[in-house]
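> Quick one: sequence and predicted model below, then my questions.
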Amino acid sequence: MANLTREETLDLIQEVLEVYPEKAKKDRAKHLAVNDQSIEQSKKCITSNRKSLPGVMTVRGCAYAGSKGVVWGPIKDMIHISHGPVGCGQYSRAGRRNYYVGMTGVNTFGTMNFTSDFQEKDIVFGGDKKLAKLIDEIEGLFPLNKGISVQSECPIGLIGDDIEAVSKKKAKELEKPIVPVRCEGFRGVSQSLGHHIACDSIRDWVIGNRDGDDSFQTTPYDVAVIGDYNIGGDAWASRILLEEMGLRVVAQWAGDGTLAEIELTPKVKLNLIHCYRSMNYISRHMEEKYGIPWMEYNFFGPTKIAESLRKIAACFDETIQAGAERVIAKYEAQYAAVIDKYRPRLEGKRVMLYVGGLRPRHVIGAYEDLGMEVVGTGYEFAHNDDYDRTIKDMSDSTLLYDDVTGYEFEEFVKRIKPDLIGSGIKEKYIFQKMGIPFRQMHSWDYSGPYHGYDGFAIFARDMDMTINNPCWAKLHAPWLADQAAQSEQQEPKRASA
Amino acid sequence: MPSVMIRKSDSGVLLFYVAKKDMEETIATVETDTAESWGGEVELTDGSKWYVDPISPPPVFPTTLRFKRAE
């Protein structure tokens, strides 16, 4: 199916909005837009970071998800207590596949769930005593932990527990950082506020811990990788590129990161941010307090990698700039082979994305390297600054959707008929049953890494494996095969490999 | 009276960032921008006007200042 024109896309949005009641229609209309590259500021065309409409299906998370699941959770040598009822921690345990090295349960705790398991009596009488007891138990059972964070769940804020007081008292007793995080789920409209709260708690409780301590040997080439959560090993695939060009990666935030790395970050020369949405707050703080500049980079697909490596190198001297060129040349044969192999199989395929954080714009380059085209993209919890950056990356008259509802997304897909959808687990089976190839772009569908040159090879293989899978031709029952063949003829065939 | 972080962008213009509102705008004009002081009425590219008492000597950016809405 040919791409829609601007008018057709506008009509499509109107048509989809038609079923809503008047008020809901007015609200949702602000969140759907047609991309126009000439617009400088996204607030002129799209509204974002607003409360989801009651009664529609949204896939957003909560502030606790943003803090415990995203920012704090991957810090591997700390113990993160899910303070409150047991469910929040248990159902999100290890779901994000933040890989790390270490002995789980001995010196690293990434995939474990620690919870205070609130009962009725804790709600009635308060849970501070329980928290103090829990911290003592943790210290007894897991003495190699480097620190503890207390991630509040909703009831903590509702009953007014003073987790700060408990944390301060216990931190003095144990001589370890204990960080209270006020990330109750009801705060804000999505997980985005959780990122902000978590970054603020790092700022207030951790980042200044080594101010005035100059024992750490610095070099002029120290950098920190910020906002890479090592999903399926992403941060490792990024880190080797930076190291090969001659930089020293002092800290990884937060995938495979440690408390010591976080504390040493103020000593670096440059902060490299991958996920702008979740960690720009802390980078801005470090710029103001320590004068560390920060820049965004993108390690998806060879074009963007080369661009980013050169941009990073430009902040350093000639040796690093030569190093960047060396790295790009070194991997050239490798990625050219990947493109040669997969591009003919993927050329011209159309993709719709609906993810969070940075991916709705960052992966566009990787798809384009494979000859594919992104025809629609949207964020779960972006703010306007994310859309500012997205507008330039998307082609004109493609669809932008913010906090899209289940209904809208399905209708868009029915009309646009993409060859691939990249979204999360909640959308996966709906679209697969509709016969559309689908990749989870949150967890890389249990594959990965996708960052870096090594990741690009895996990315290309996965996209090919999904789109050109023979199963898509088998979705119709045999007695409906005739009908299916007819509709196949009407539109160009999707897969024949 | 929001706390505003003023920082220089890569292209050298000043950015006006309000963390609480997630608002990042470019500063179009500053009333007083001399070697001695910086501040006064600040107009952003979106047309809104903000005020901060002139600071002298001029602050080193990035820095956080408390602005008031002008008008």
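Ah, there it is.

> only C-alpha atoms for contact and neighbour calcs from this point on.
OK.

> contact partners of stretch A:26-42?
A:6, A:9-10, A:13, A:17, A:45-48, A:384-385, A:387-388, A:391-392, A:394-404 (C-alpha atoms under 8 Å, 6 or more residues apart in numbering or on different chains).

> Tell me how far that stretch lies from the chain's centre.
Centroid separation for stretch A:26-42 versus its chain: 22 Å, with C-alpha atoms, centre = their mean, to the nearest Å.

> Check the separation of the first and last residues in that stretch.
Distance between the boundary residues of stretch A:26-42 (C-alpha to C-alpha, to the nearest Å) amounts to 18 Å.

> that's a helix at A:A235, yeah?
Yes - assessed by DSSP: H, G, I helix; E, B strand; the rest coil, A:A235 belongs to a helix.

> Is chain A within reach of the lowest-mean-pLDDT helix or strand in chain B?
Sorted by mean pLDDT, DSSP states H and E, the helices and strands of chain B end with strand B:23-33, the least confident at a mean of 87. Yes - using C-alpha under 8 Å from any C-alpha of the partner chain, strand B:23-33 reaches chain A at B:23-24.

> Which elements pack onto that strand?
If you count contacts as 3 or more C-alpha pairs under 8 Å, 6 or more residues apart in numbering or on different chains; DSSP states H and E, strand B:23-33 packs onto helix A:384-393, strand B:14-18, strand B:38-44.

> For the closest residue in space to B:E36 that isn't next to it in sequence, the count of nearby residues, please.
Distances taken as C-alpha to C-alpha, 6 or more residues apart in numbering or on different chains place B:P57 nearest to B:E36, at 5.2 Å, with adjacent residues excluded. Residues contacting B:P57 under the criterion other C-alpha atoms under 10 Å in any protein chain shown number 11.

> ok, now the one 5 residues further on?
For B:P62, the tally of surrounding residues (other C-alpha under 10 Å) stands at 21.

> from memory it sits against B:S9, does it?
No - contact between B:P62 and B:S9 fails when scored by C-alpha atoms under 8 Å: they sit 9.9 Å apart.

> overlap in contacts of those two?
Applying C-alpha under 8 Å, 6+ apart, one finds that no residue jointly contacts B:P62 and B:S9.

> hmm, back to that, could I get the helices and strands packed on strand B:23-33 as CSV with mean neighbour count and distance to A:A329?
Shown next, in CSV, are these (neighbours: other C-alpha atoms under 10 Å in any protein chain shown; distance: least, C-alpha to C-alpha, whole Å):
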stretch, mean neighbour count, distance to A:A329
helix A:384-393, 19, 25
strand B:14-18, 19, 37
strand B:38-44, 20, 44
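
> Of all these, which one is nearest A:E411?
For the helices and strands packed on strand B:23-33, proximity to A:E411 was assessed by C-alpha to C-alpha; helix A:384-393 is nearest, at 22.2 Å.

> Show me the contact partners of that closest one.
A:35-37, A:39-43, A:46-49, A:277, A:358, A:360-361, A:364, B:22-24.

> What residues does the stretch 151-300 of chain A have near chain B?
Taking C-alpha under 8 Å from any C-alpha, the part of the stretch 151-300 of chain A that reaches chain B is made up of A:281, A:287-288, A:291.

> Surely A:V404 is in a helix?
No - assessed with three-state DSSP, A:V404 is coil; it does not lie in a helix.

> Send me the strand or helix carrying A:E15 as PDB with only the CA atoms.
Of the helices and strands defined by DSSP states H and E, A:E15 is found in helix A:6-17. C-alpha atoms of helix A:6-17 as PDB (Å, rounded to 0.1, in the frame of the first residue of the first chain):
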ATOM      1  CA  ARG A   6      -0.900  14.600   4.400                       C
ATOM      2  CA  GLU A   7      -4.700  15.100   3.700                       C
ATOM      3  CA  GLU A   8      -5.300  11.400   3.800                       C
ATOM      4  CA  THR A   9      -3.500  11.100   7.100                       C
ATOM      5  CA  LEU A  10      -5.500  14.000   8.600                       C
ATOM      6  CA  ASP A  11      -8.700  12.300   7.300                       C
ATOM      7  CA  LEU A  12      -7.600   9.100   9.000                       C
ATOM      8  CA  ILE A  13      -7.100  10.800  12.300                       C
ATOM      9  CA  GLN A  14     -10.600  12.400  12.000                       C
ATOM     10  CA  GLU A  15     -12.200   9.100  11.100                       C
ATOM     11  CA  VAL A  16     -10.600   7.300  14.000                       C
ATOM     12  CA  LEU A  17     -11.700  10.000  16.400                       C
END
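
> Give me the buried positions along that helix.
Buried residues in helix A:6-17, counted by 16 or more other C-alpha atoms under 10 Å in any protein chain shown: A:6, A:9-10, A:12-13, A:16-17.

> So what's the gap between stretch A:135-154 and the chain middle?
Per C-alpha atoms, centre = their mean, the centroid offset for stretch A:135-154 relative to its chain is 26 Å.

> do the same with stretch A:180-195
Distance, centroid of stretch A:180-195 to centroid of chain: 16 Å (C-alpha atoms, centre = their mean).

> before we move on, what about stretch A:441-461?
Relative to its parent chain, stretch A:441-461 has a centroid offset of 14 Å by C-alpha atoms, centre = their mean.

> got the contact list for it?
Counting by C-alpha under 8 Å, 6+ apart, A:96-97, A:230-235, A:237-238, A:241, A:299-302, A:305, A:331, A:334-335, A:338-339, A:342, A:355-356, A:359, A:366, A:370, A:422-424, A:439 sit against stretch A:441-461.

> same question, stretch A:90-98
A:69, A:74, A:110-113, A:229-233, A:255-256, A:443.

> Of all pairs in those, which one is the farthest apart?
Checking the contacts of stretch A:90-98 with C-alpha to C-alpha, the most distant pair is A:N113 and A:G233, at 21.1 Å.

> more crowded one of the two?
For A:N113 versus A:G233, the count of surrounding residues by other C-alpha under 10 Å is larger for A:G233: 22 against 18.

> May I ask you to confirm that the more buried one is in contact with A:Y99?
Yes - using C-alpha under 8 Å, A:G233 is in contact with A:Y99, at 5.8 Å.

> At which residues are the helices of the stretch 351-497 of chain A located?
Counting by DSSP state H, counting those that start in this stretch, the stretch 351-497 of chain A has helices at residues A:359-362, A:364-369, A:384-393, A:406-416, A:425-433, A:452-467, A:481-490.

> ok, now which ones touch the residue of chain B found nearest chain A?
Taking C-alpha to the nearest C-alpha as the measure, chain B has B:P62 as its residue closest to chain A, at 5.1 Å. Each residue near B:P62 by C-alpha under 8 Å, 6+ apart is listed here: A:287-288, A:291, B:5-8.

> Show the backbone phi and psi for A:S201.
phi -70, psi -30 (degrees, to the nearest 10).
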